[in-house]
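1. Fold the stuff below for me.
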Amino acid sequence: MRKYFYILCALTLFGNLPCFAQAKYVGGDISLLPSYVSHGAKYYDINGNAIASPLSYFGEQGMNAMRVRLFVNPENASAEDKGQGVVQDLEYVKNLGKQIKDAGMAFMLDFHYSDSWADPAKQWTPNAWASLSDTQLYDKIYEYTKEVLQAMNAAGATPDFIQTGNEISYGMLWGKVNTSSPKKCYPNNNDNWPRFTTLLKRAVQACREECPSAKVIIHTERVAQPNNLKAFYQKIKDYDVDYDIIGLSYYSYYHGNLNALNTALTQMESTFADKKIMLVEVGYYHDWQPNNVSYDLSSTYPINGEGQKAFTSALINILKSHANVNGLFWWWMEANEYGLDWNTKRVTDGWYNAGLFDNQNGKALPALYVLKDFIEGTKVNGISNDPNMPQHYYTIDGKHLSENEALNRKGLYILKGKKILRK
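-> Numbers count the residues shown, from 1 in each chain. The predicted structure follows:
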C-alpha cells in the first residue's frame, strides 16, 4: 500500500513563497492533430513502436502545454487555405481544448479573428463582419470573444493563455479581402493605431471577464527587426493596452540565426521587464526546405533529424539564458502524412517538413525528445493550490517525472501544487 503525506504551504516550512509552482511551459501548436488522427495518420515513437494517443505521448515526453488556433468561419476560406489546414471552427476547438485540459496540460487559445490565416500579410475581416463600421466592430470583437470563451468554459476547455490576434504586427481586421486601402498599422506613425488598440482592448476586456485567471498574449513576428519589434510594444504600452505576455514567432529561415533571436530577446527583456515572453511559434526543417527561405542555416544545422535536434538544443540554450522567457511552442509539431490515403483522406495539400514526425514513416524525430529540456532543471518557485494547474509530477528542483516514476520513488515530489512525501 502506498503512503502519501501532503505537505501544505506553511510559512514556517517554506517561507513566504509565491503561489506559482511551474514557471515554464513547453509544447506545440497541435491544431491539426484531430484531422490527422481521424484520417488515418500513423504515429510511431523513434524506435518504431505505435503511439496510441499522440497527445498523451507528448505529455509523457515532458510537455505541459498545447496551442490551438481558431477561425471565425473557416468554411469561407479558399480551397487553397483549407488545403493548408484551415479547418478549426469553434466546435473543433472546444473538443481539442477539452482533450488538452483532460490530459493535464495548459491550453493556449489563438484567436485569428478571420475566416482564414491571419498573419502580417493577411488580417482580413471575417465575411460576416465585413460590412460593419469601426464602432460596430469594437462591439463585435468583444461579443464574439466573450461568446467563444463562454462556450469554451462550458465545454471544460477553459484556456490558460489567450492570444487576442495572430501575428498582429500591422494590426488586424483590416477590412474586406483585397480592399484598396487596408487599415494597417505601422510603428512609426499613428495611422489606425487608435482603431487597432480599441479592438485589442475590447477583446482583452472579454478575456478578463470570462477567463480572469488566463494570461493574455499579444503576438508578433518581428524578431528580424528588433527596433520595429520594440516600437510596436512601446505603442501598445503608450495606448495602455492590458496584456500579460509578449508572444513571438521565430523561424530561423525567415528571421535569421540564433544571434538575431538573442538580440531581440535581450532588447525586449530590458525594455519591457514586467512582461513574460513566449515563443508561441517556432520550427526548423528535418527534410528538404523550400528554395525561397530568407536564411539558410543548413551548414550549421543540417536539414535532417539530427540537424533539427541540434537546432532545438541550441535554441533552448538561448532561451534558458533569458529569465523572462517562460514558453516554447513548436508550430505544427503533429505534422505527419504517413498512413493517409491521398485519394480520399487528404488533410493537407503538401508536406510541411518542420514538424516532429517523419512524413515518410511516421516516426518521431529526435527533436521531440529534447523539447523538455526547456523546463527540466527549472527550480520550483513555490507551491499553489490552483485546481486548474496541469497535472504533472515534478521533483523539488523542477525535473519532470512520469506518473510511474513519481509513484515508485521515495522522497518529495510535487503534484498539482502540493508537495508530496512518499516513504
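
2. all contacts plus neighbour counts: C-alpha atoms, from now on.
-> Will do.

3. from the middle of its chain, how far away would stretch 59-72 be?
-> In terms of CA atoms, centre = their mean, to the nearest Å, the centre of stretch 59-72 is set 6 Å apart from its chain centre.

4. Show the end-to-end separation of it, please.
-> Using CA to CA, to the nearest Å, the end-to-end distance of stretch 59-72 comes out at 29 Å.

5. Kindly provide the whole-number mean pLDDT of that stretch.
-> Confidence for stretch 59-72, expressed as mean pLDDT, is 98.

6. Kindly report the same for stretch 174-181.
-> Confidence over stretch 174-181, taken as the mean pLDDT, stands at 92.

7. for stretch 85-105, same thing?
-> For stretch 85-105, mean pLDDT rounds to 97.

8. Contacts for that stretch next, please.
-> 31-32, 34, 55-56, 59, 63-66, 68-75, 77, 106-107, 116-117, 148, 151-152, 155-159, 347-348, 389-392 (CA atoms under 8 Å, 6 or more residues apart in numbering).

9. Any of the residues you listed buried? List them.
-> Among the contacts of stretch 85-105, those classed as buried by neighbour count (16 or more other CA atoms under 10 Å) are 31-32, 34, 55-56, 59, 63-66, 68-74, 77, 106-107, 116-117, 148, 151-152, 157-159, 347-348, 389-392.

10. In contact with the closest residue to N361 other than its chain neighbours, which residues?
-> The shortest distance from N361 to any residue that is not its chain neighbour, by CA to CA, 6 or more residues apart in numbering, is 5.8 Å, and that residue is Y338. Remark: with contacts taken as CA under 8 Å, 6+ apart, Y338 is in contact with 41-43, 358-362.

11. Now the element after the lengthiest helix in the chain, going C-ward?
-> The helix that spans the most residues within the chain, counting by DSSP state H, is helix 134-154. Per DSSP states H and E, helix 134-154 leads on to strand 161-164 as the next helix or strand towards the C-terminus.

12. average pLDDT for that next one?
-> For strand 161-164, the per-residue pLDDT values average out at 98.

13. Quick one: distance of that strand to the chain centre.
-> Between the mean C-alpha point of strand 161-164 and the mean C-alpha point of its chain there is a distance of 9 Å (CA atoms, centre = their mean).

14. Identify the residues contacting it?
-> 106-112, 200, 203-204, 207, 214-219.

15. What pairs with it, parallel or antiparallel?
-> Strand 161-164 has these partner strands in its sheet, going by DSSP bridges: strand 106-111 (parallel), strand 215-220 (parallel).

16. mind listing what L173 touches?
-> 113-114, 123-126, 183.

17. Swap in 7 Å and give it another go.
-> Under the criterion of CA atoms under 7 Å, 6 or more residues apart in numbering, the neighbours of L173 are 123-125.

18. Turn the residues you listed into TSV, including distance to I318 and pLDDT.
-> Putting those into TSV (distance: CA to CA, whole Å; pLDDT from 0 to 100) gives the following:
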residue	distance to I318	pLDDT
Q123	31	97
W124	35	97
T125	37	98
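
19. Tell me the one among those residues nearest to K235.
-> When these are ranked by distance to K235 (CA to CA), Q123 comes first, at 19.0 Å.

20. And the residue nearest to that closest one when sequence neighbours are not counted, which helix or strand is it part of?
-> Ranked by CA to CA, 6+ apart and with sequence neighbours excluded, the top spatial neighbour of Q123 is M172, at 5.0 Å. Take DSSP H and E as the rule and M172 turns out to sit in neither a helix nor a strand.
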